[in-house]
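Colleague: All I have is the shape, not the residue letters:
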C-alpha cells in the first residue's frame with residue numbers, strides 16, 4: 001500500500017467521526033478541571049484538526065511566523081476563553097471553528113505563505129473561536145486555572161505535533177503536503193456541512 005493510499009484511508013476514517021464527539025471529556029473530571037481541559041481539544045475532531053493544521057502550516061512560513069505561531073495559538077485561545085468566562089457573546093463560534101479547519105487545509109494545500117501580520121491575525125482569530133468554545137464548555141465546579149492549564153497544554157501538544165509532521169513533510173515531495181491540506185479542507189467542509 002503506497003503512502004497516498006494510506007493518507008486517503010486515514011482521512012476517510014477521520015471523516016467518519018461525528019461532530020458530536022467534539023465536546024466531550026467533561027463530567028467525571030469536573031472536580032479539578034485539568035483532565036477535562038486536557039481532553040476537550042483532543043476529543044473534538046474540529047479542535048484537533050485545526051490545531052494540528054495550524055502547526056503543520058506554520059512550518060512553511062517565515063522564521064518569525066514559525067517562532068511565534070504558538071503564541072498566537074495560545075493567545076487566541078486564552079482571549080476566547082476569557083470572553084466566554086466574562087459572559088461576552090461571540091457570534092458564529094461553531095462556524096468559525098469549522099472554517100478554521102477548512103481554511104488551514106486550503107493554506108496547506110496551496111503551500112501559501114502569508115505575511116506574519118496576516119498569518120498571525122488569522123491564527124489568533126481562529127483560536128479565539130476555539131478558546132471561546134473551550135471556555136463556554138468548562139464543567140460546573142471545575143477550577144478555572146486547572147481547566148485553562150489543561151486545554152493550554154493540550155493545544156500546544158497538538159500544535160507542535162502538527163509542526164513535527166509538517167517538518168517531516170518538508171523533506172518529502174510537496175504533493176504529500178498538498179494532499180494532507182486537501183484532506184483537511186475536505187474535512188473542514190464536511191464539518192461545516194454536518
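Modeller: It's in. Keep in mind that what you see is a predicted model, and the values were worked out from it rather than measured.
Colleague: For the nearest residue to residue 132 once chain neighbours are set aside, give me its contacts.
Modeller: In this structure, residue 132 finds its nearest non-sequential neighbour in residue 80, 3.8 Å apart by Cβ to Cβ, 6 or more residues apart in numbering. The way it works is simple: take the backbone N, C-alpha and C, and place the C-beta from them, glycine included. With contacts defined as Cβ atoms under 8 Å, 6 or more residues apart in numbering, the neighbours of residue 80 are 90, 127-135.
Colleague: Quick check: PyMOL command selecting the buried ones in these.
Modeller: Provided next is the PyMOL selection string for whichever of the contacts of residue 80 are buried by 16 or more other Cβ atoms under 10 Å:
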select buried, resi 90+127+128+129+130+131+132+133+134+135
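Colleague: before we move on, the earlier item: per-residue pLDDT, the residue nearest to residue 132?
Modeller: Reading off the confidence values, residue 80 has pLDDT 97.
Colleague: ditto for residue 8
Modeller: pLDDT recorded at residue 8 is 40.
Colleague: got it, and residue 142?
Modeller: So residue 142 comes in at 89 (pLDDT).
Colleague: How about it, nearest residue that isn't a chain neighbour?
Modeller: Nearest one to residue 142, counting by Cβ to Cβ, 6+ apart, is residue 33 at 2.9 Å.
Colleague: counting contacts, what elements does the longest helix anywhere in the chain pack onto?
Modeller: Secondary structure assigned by DSSP state H gives helix 144-170 as the longest helix of the chain. For helix 144-170, the packing partners by 3 or more Cβ pairs under 8 Å, 6 or more residues apart in numbering; DSSP states H and E come out as helix 34-43, helix 45-58, helix 63-85, helix 116-136, helix 174-193.
Colleague: Number of residues surrounding residue 119?
Modeller: When counting by other Cβ atoms under 10 Å, one arrives at 23 neighbours for residue 119.
Colleague: What sits closest to it if chain neighbours are left out?
Modeller: Residue 119's closest residue in space is residue 65 (Cβ to Cβ, 6+ apart), at 5.2 Å.
Colleague: So, low pLDDT: which residues of this structure?
Modeller: 1-31 (pLDDT under 70).
Colleague: gap between residue 167 and residue 177?
Modeller: 11 Å (Cβ to Cβ, to the nearest Å).
Colleague: ok, residue 155 to residue 81 distance?
Modeller: 11 Å.
Colleague: Between the two, which has more neighbouring residues?
Modeller: residue 155 (30 against 27).
Colleague: And the more buried one, how far from residue 63?
Modeller: 22 Å.
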